[in-house]
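no FASTA, just this:
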């Protein structure tokens, strides 16, 4: 869907909750999270941490129109991986990601109790089972 960025302020959300909210806000599309399929980590100019969690989502209603939030996106559209991997306008990360098998990621594990030590109000792990 373009050159997405990790939400800067997650507030009281987990990263997977934030991605569903962001997709809804920026495209108008209600989605279901399938699994985390990747993570990009880098450092810009040796001073700024730049990280991105990448999730596989499916639209709740495939007929729901995509309405780009113009203050955030100039366009939004569904693209099949083969088309995205050959799109010269897509970022290197998106083209590389589209060339991998995306259906086998890390499903959220939500039934883990981390204990009282840190006071988590919501807690999820993403590992391959």
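Here it is on my side, so go on. Since this is a predicted model, take the numbers as computed values, not measurements.

and the next helix or strand past the longest helix belonging to the chain?
Selection of the longest helix in the chain by residue count, based on DSSP state H, yields helix 15-27. Per DSSP states H and E, the first helix or strand lying C-terminal to helix 15-27 is strand 31-44.

by how many degrees do that next one and helix 15-27 diverge?
100 degrees (axes from the mean of the first three to the mean of the last three C-alpha atoms, to 10 degrees).

list the helices and strands strand 31-44 packs on?
helix 15-27, strand 48-59, helix 92-98, strand 108-109 (3 or more C-beta pairs under 8 Å, 6 or more residues apart in numbering; DSSP states H and E). (C-beta placed from N, C-alpha, C; glycine too.)

what are the buried residues along the third one?
With burial defined by 16 or more other C-beta atoms under 10 Å, the residues of helix 92-98 counted as buried are 94, 95, 97, 98.

and the furthest pair within these?
95 and 97 (7.3 Å; C-beta to C-beta).

what sits against residue 110?
By C-beta atoms under 8 Å, 6 or more residues apart in numbering, residue 110 lies in contact with 123, 124.

go again using 7 Å as the cut-off
Going by C-beta atoms under 7 Å, 6 or more residues apart in numbering, residue 110 touches residue 124.

likewise residue 55?
Contacts of residue 55 by C-beta under 7 Å, 6+ apart are 16, 19, 33, 36, 37.

how close does the residue lying closest to the second one once chain neighbours are set aside sit to residue 124?
Closest residue to residue 19 apart from its sequence neighbours, by C-beta to C-beta, 6 or more residues apart in numbering: residue 55 at 5.2 Å. When C-beta to C-beta, to the nearest Å is applied, the distance between residue 55 and residue 124 equals 12 Å.
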